Structures are given as structure tokens and as C-alpha cells.
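Asker: sequence-free structure coming up:
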């Protein structure tokens, strides 16, 4: 007799980042003084004007009914306008599909583009959801590791070495989750021209486009290489820019035939995204960027504090992230040390040890295809950040 769970779904790993966050919240609920560095979400409330738009939308009977599966027409147009404003990429509303959050956009993109056995080049460290969605679509993730010595940015030479006759696509994410790395405009253009030369699709995740620091700016690959636009899918959403992780509104942008096919898929999966959330997203993308600019001031301060405090801990090396809200230190120098009578030999063991001994939740590098590292989000309050890092320092020093 076969398994009760299908092989396809049984092979999926739980989201490690959400699992760590859930464990930290459960311990907090039980009265433990846990500090969580696991969740990738701003600690700010959604701006008032966006919330008010949702309240008004909830009272409007138009939003109590089904709407087009691919998104409200006015939201799709607003996303097209916002994309031109923010990245210089000019598209039409018919090239937009509104999805149930960024993860849904990732899933739809791979499900629409991949056939069984197609390979996808996946720079590592990578966000934990990418390989699972590639496999669900029948594809094969091919990991390409970029180490801290190269600021976690993959090179054309590495990608070319991993390319085979089965390679169909490249997944690209800059600014990066989990590392906070931002590829230079020159590197992005070089990668885009390489993809164009080899007739590859590029799925580029731009969810952190506005979260960059100092003089660093995100570059959109179809802007750097316009000829690549016909084989590029851009993934994005309101979650990080507007502190709207729980509202679940994302989108994918691509060639019209791909968006039409993905819309057909979504019409059977979910129908329309919640109309109230779509109206809130419309207010968000139609407004200015003052909300994210305010958040960035706090994130930048926390970023510098986190990198300084991590690099003061013996055995830890942390490159300075220039985007997103994560630090991704190497902890290999801690392996083998006696810590309160225990010894960690992997980053997964070290993460468990830190949670057990000082009640601080971090995500191990195993979740991101790069053992030997930890991901720490600095999207939490300054006091909690300093307290949590202080506990880790005391434990490991």
C-alpha cells in the first residue's frame, strides 16, 4: 500500500524561516524571554493611509464580489506605473499578474515556465522557498555557491560552469535574501548578457528593491539588458517596502504570453487575490516612498550595529550587507569549541544551541543551501537587537 501523502508533496521541506519564527513565538507565548532574529518582516505597522484604504474598501459592496483572476485592472496599471517610476522598466498592465503574496508569484513563475527535468541555476545562499517551488514544478535546482569572500555575489564564470544542455532558467535575487548582498550594475549587466547569449530565462526577485543603503542602488536586469525583457519574469510585492507582509499581495511581470498562461493557472488555483488587500496595495504603490524611507533610517542604524557586534565575537566573520534587512555571518570559526559543555559542528547545531542556552532564535545556513552560516534579521527593535546579540556574544566569547 502506498504512502498516504503524495511523493510530490511529501518531498517538500517545511519553510525553515517560518519554523524558526513559529518556535520563537511559541516560547514567547509560554513566557520565555526569547528574542527572534528569524522572521523576514519589518517590525513597523502598515502606514495609516494604506490601512484606511482597506477600511474604505471593506465598506464598498464592489469588493464583496469576485474580481478578475489576474488582478484589479486599476492595480495592474498602478503596478506598471510604479515599475517604470522605481526601476525604469516600462511595461503594460497586460504584463502584470497580481498574486497572493510574493511566494505565489514565485510558484506561478516556475509552474508556467518549467517542464520536467528542466534545470534552474540557483545562486546560493538562496531563499529557502526557491528550490522547493522549482521541484514542485518538475524542475531541477542546480546550486551555484557564492562565498563570503565574493560578498555572496555569483559570477558569470560560476554560472557558465554550472550550465548544461538542460539549463532553462536562472533565478536571480538582488538585493538578496538571505545575505543582504546587492550585485553591482556592471555584474548584473554581465549576467544578463550571458543569459541572453545562451537563450536562458531569468526569473528575478525584486522584492527588496527599495531596501539598499548608502550609495548602493538595486538594478533591474531587463533595464540593464533590454533585449532580455522577452525572456525575463520579474517578481515583486508590497510586503517589504510597505510593511505589508500579512496582506499577501505580490505580482509577477513578464511577456504577455507567459502572464496569460500564469493567469489561467491562477484562475483555477485561487481566483482573485482578496479585493480588500488589492485596494490596500493600490494605495501603497500609487503613493510615494516616504514609508520605506523612514524604515530605512532605522534599518541602516540596526544594520551597522549588528555587523559591528557580530564581528566582535571570536570566530564569527560578517560581511557588511548593503541591502534587504539581513546579516549573514560565517560561524565556521565557532565549530568545535566547548560552549556550556556542548560542542556545535554545524550551523544547525549552533542555532539549536543558541536557542537552548540564551533563548535567541536564528536561522541556520542549511536552510539556504550554505551550511556554516547564520541568517539574522535586523528588522526588529533596537533594544531587542542589542540584547539578543549581547546574549550570543556572552555565550560564544
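Answerer: Yep, it's here. Because the structure is a prediction, the values reported are computed rather than measured.

Asker: Scan this protein for its longest helix.
Answerer: Secondary structure of the chain per DSSP state H: the longest helix is helix 290-311.

Asker: Can you pull out the residues in contact with the helix or strand just after it?
Answerer: Once the chain leaves helix 290-311, the next helix or strand it forms, by DSSP states H and E, is strand 326-327. Contact with strand 326-327 is made by 40, 177-180, 303, 306-307, 310, 318, 321, 375-378, as judged by Cβ atoms under 8 Å, 6 or more residues apart in numbering. Every C-beta, even on glycine, is put in place using the N, C-alpha and C of the backbone.

Asker: Buried residues, stretch 132-145. List them.
Answerer: Across stretch 132-145, burial judged by 16 or more other Cβ atoms under 10 Å covers 132-137, 139-145.

Asker: so where do the helices sit in this structure?
Answerer: Secondary structure of the chain (DSSP H): helices at 7-10, 16-29, 48-59, 73-87, 101-113, 129-136, 156-162, 185-197, 221-224, 256-269, 275-286, 290-311, 347-358, 382-396.

Asker: The ones you listed: which one's closest to residue 170?
Answerer: For residue 170, the closest of the helices of the chain is helix 185-197, at 5.7 Å, according to Cβ to Cβ.

Asker: so where's the stretch 1-150 of the chain uncertain?
Answerer: Residue ranges of the stretch 1-150 of the chain with pLDDT under 70: 1.

Asker: Quick check: the gap between residue 128 and residue 13.
Answerer: Plainly put, residue 128 is 8 Å away from residue 13 if you go by Cβ to Cβ, to the nearest Å.

Asker: How about residue 61?
Answerer: From residue 61 to residue 13 the distance is 43 Å (Cβ to Cβ).

Asker: what's the answer for residue 156, then?
Answerer: Using Cβ to Cβ, residue 156 is found at 30 Å from residue 13.

Asker: The two: which is more packed in?
Answerer: Taking other Cβ atoms under 10 Å, residue 156 and residue 13 do not tie; residue 156 has more neighbours (15 against 12).

Asker: Does the more buried one touch residue 194 like I think?
Answerer: Yes. Residue 156 lies in contact with residue 194 (Cβ atoms under 8 Å); the separation is 4.8 Å.

Asker: Local confidence estimate at the residue nearest to residue 237 when sequence neighbours are not counted?
Answerer: Of all residues not flanking residue 237 in the chain, residue 250 sits nearest, at 3.2 Å (Cβ to Cβ, 6 or more residues apart in numbering). Note for residue 250: predicted pLDDT of 98.

Asker: What average pLDDT does stretch 345-361 get?
Answerer: In the prediction, stretch 345-361 has an average pLDDT of 93.

Asker: Residue 303: what's it in contact with?
Answerer: Going by Cβ under 8 Å, 6+ apart, residue 303 touches 180, 213, 320, 321, 325, 327, 378.

Asker: Kindly tell me how buried the fourth one is, as a neighbour count.
Answerer: Neighbour count for residue 321, taken as other Cβ under 10 Å: 27.

Asker: same question, the first one
Answerer: Using other Cβ under 10 Å, residue 180 is surrounded by 29 other residues.

Asker: Which two of the contacts of residue 303 have the greatest separation?
Answerer: Taking Cβ to Cβ, no two of the contacts of residue 303 sit farther apart than 320 and 325, at 13.2 Å.

Asker: Now for the nearest residue to residue 86 once chain neighbours are set aside: which residues touch it?
Answerer: Leaving aside its sequence neighbours, residue 86 sits nearest to residue 209 (Cβ to Cβ, 6+ apart; 6.5 Å). When contacts are counted by Cβ under 8 Å, 6+ apart, residue 209 is found next to 86, 87, 175, 218, 220, 236, 241.

Asker: Surely the fourth one is in contact with residue 212?
Answerer: Yes. Here residue 218 lies in contact with residue 212, judged by Cβ under 8 Å, at a distance of 5.6 Å.

Asker: list the residues that contact both of the two?
Answerer: 175, 182, 323.

Asker: Pull the contacting residues for the second one.
Answerer: Residues in contact with residue 182, defined by Cβ under 8 Å, 6+ apart, are 174, 175, 176, 212, 216, 218, 322, 323.

Asker: Could I have the buried ones of the residues you listed as ChimeraX selection syntax?
Answerer: A single ChimeraX command selects the buried members of these (16+ other Cβ under 10 Å):
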select :174,175,176,212,218,322,323
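
Asker: of all the contacts of residue 182, which comes closest to residue 357?
Answerer: Relative to residue 357, the closest of the contacts of residue 182 is residue 176; by Cβ to Cβ it sits at 29.3 Å.

Asker: Angles on the backbone of residue 68, please.
Answerer: Residue 68 adopts backbone torsions of phi -50, psi 140, taken as degrees, to the nearest 10.

Asker: Pick out the residue nearest the middle of this structure.
Answerer: residue 177 (4.8 Å; Cα atoms, centre = their mean).

Asker: Chain neighbours aside, what residue packs nearest to that one?
Answerer: Ranked by Cβ to Cβ, 6+ apart and with sequence neighbours excluded, the top spatial neighbour of residue 177 is residue 127, at 4.7 Å.

Asker: Do I have it right that the one you found meets residue 178?
Answerer: Yes. Taking Cβ under 8 Å as the definition, residue 127 is a contact partner of residue 178 at 6.6 Å.

Asker: Of those two, give the one with the bigger neighbour count.
Answerer: Taking other Cβ under 10 Å, residue 127 and residue 178 do not tie; residue 178 has more neighbours (30 against 25).

Asker: need the contact list for the more buried one.
Answerer: 125, 126, 127, 326, 328, 363, 367, 368, 375.

Asker: what residues are up against the second one?
Answerer: The contact partners of residue 126, taken as Cβ under 8 Å, 6+ apart, are 143, 171, 173, 178, 368, 369.

Asker: For residue 216, give me its contacts.
Answerer: Contacts of residue 216 by Cβ under 8 Å, 6+ apart are 182, 322, 323.

Asker: Quick check: the last one touching residue 214?
Answerer: Yep, that's residue 323 we're talking about. No. Using Cβ under 8 Å, residue 323 makes no contact with residue 214, being 10.1 Å away.
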